[in-house]
Every structure is written in structure tokens, then in C-alpha cells.
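S.K.: Give me a model of this one.
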Amino acid sequence: MIRIVLVDDHALVRQGFRRILEEEQGLAVVGEAGNAQDGVAMVRQLKPDVVLMDMAMPDANGIHAAREILRERPDTRILVLSMYSDAQYVRSALDAGVSGYILKSALETDLTRAVRAVASGQQYLSPELSSVLIRALRDRQQAPQEVDVFDQLTPREKQVLQLIAHGKSNKEIAVVLNLSVNTVAVHRSNLMSTLGVHKAAELVLYAVRKGLVLPE
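M.R.: Now for the predicted structure:
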């Protein structure tokens, strides 16, 4: 039996997932969560084989929840569900260690096949994403190789960047990360300097491109 946890902020969507999955023999939905934080806690408690993780949720995106789960339980197979077919989002998810990425538009045909594939140790992408990734890889190979300044950011700076992108003020970020407001201001200044930007809006745009936050 493949044990599954569903993480999506729309109850009706979760019901649809459950219906599709439980019509298949050998699949069991053992838990549901409506946000990323609860999803991480539920995985910690229930230890499922597969986690179906929505890409976009109010408190955090699925990529960051996936990283947190995989830090604690590296054998968990995570299947990202998304409306976004952009190669940057797909690459960000795969780089985070997820086992699969499928489009919500193709759930009826892809979902159970994808769950069985990732549970058996394979990777799975919605078929229509293959051409997107191949084209992106080809463009990347043809383009001059440049150092990605994102890799120069410290883990703390990446946390601050993500919270800025979610609209948090310096004071709110200080509370979340247990830092002083002055320290957060220094991190913000360092981010702008390293990334070569001058406005908070530019930081948000950069974070979106890096998959740290999703557009509405």
C-alpha cells in the first residue's frame, strides 16, 4: 500500500485528489493539510511514502516545504502539483530534490501514474514539460556561462529575501527569524548590494525568478 499525504490550500481540490487516488487499488490517502507548515508537521507525524505538494500556498511555496521535509526525511518521495509550466519553476523544484512535477491541468491522466512512479523510486514529469526542459537546457548550454550571484548569498540572506518577497517588513522578519531589526536591515542592504538592485520591488522580482515565491 502506498501511503499518501495531500498538501493543498483548497479543500475542494484535496477532495478531488483523494477521489482520483482512492479509486486506484493500492493507494491510500492517510492525511491532508491546508498549508505548508501543517503539511511538514503531518509528514513528520505520519511518515507517508509520497507527498502531493501544491506549488503555491499562502504561507510558503511547495519547493521550500519540500526542502524542509527532505532535510528530515530524505527518503520521502515528493510530487509537486502546479499550474506553472515555466522551466524555471520546474528546475527549481527538481533542484530542491522533489521526485516529480505534474501540471494540475493533467491530473486526471497523470496523477495515479505519477504517484506510482515516484513511489517506486523513479522521477516523473508531465509529458508536456519534457520539451520545455529540453529547450531550456539547450538555451542554457548555448548561452555564455556566468556565475550565479544567488549562490553567493548566505542561507540567512536567502531566508530574508524570501520573507521580503512575501511582503514582510523588517520588524516582521526580525520576529520570524529571531533577529534584531538592525540586523535585518543589514541583511537587506547586503542583498541589494550583492544582487545589484535598488528597490524592494526588484528584490521581489528576483525572488520570483529564483522560485522563492510564486506570482499571484
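S.K.: The residue lying farthest from the centre of the chain in helix, strand or coil?
M.R.: Taking Cα atoms, centre = their mean, the residue of the chain most remote from its mean C-alpha position is N182, at 29.6 Å. Under DSSP: H, G, I helix; E, B strand; the rest coil, N182 falls in the helix class.
S.K.: do the one 3 residues further on as well
M.R.: Look at A185: counting by three-state DSSP, its state is helix.
S.K.: Now do the residue nearest to it when sequence neighbours are not counted, the pLDDT please.
M.R.: Nearest non-adjacent residue to A185, counting by Cβ to Cβ, 6 or more residues apart in numbering: N170, 5.6 Å away. In short, each C-beta sits where N, CA and C put it, glycine included. For N170, the pLDDT comes out at 91.
S.K.: Provide the count of other residues in contact range of N170.
M.R.: 18 (other Cβ atoms under 10 Å).
S.K.: Also P74?
M.R.: Neighbour number of P74 under other Cβ under 10 Å is 8.
S.K.: got it, and S189?
M.R.: Residues within reach of S189, counting by other Cβ under 10 Å, total 10.
S.K.: Could you do R18 as well?
M.R.: 16.
S.K.: looking at the chain, which helix or strand is least sure?
M.R.: In the chain, no helix or strand scores lower on mean pLDDT, DSSP states H and E than helix 127-142, which sits at a mean of 62.
S.K.: Following that helix in sequence, what is the next regular element?
M.R.: Downstream of helix 127-142, the next assigned helix or strand under DSSP states H and E is helix 155-165.
S.K.: what's the offset of that following helix from the middle of its chain?
M.R.: Distance, stretch centre to chain centre, for helix 155-165: 15 Å (Cα atoms, centre = their mean, to the nearest Å).
S.K.: Can you tell me which helices and strands the following helix or strand past it packs against?
M.R.: Counting by DSSP H and E, the next helix or strand C-terminal to helix 155-165 is helix 170-177. The contact analysis (3 or more Cβ pairs under 8 Å, 6 or more residues apart in numbering; DSSP states H and E) places helix 170-177 against helix 155-165, helix 181-195.
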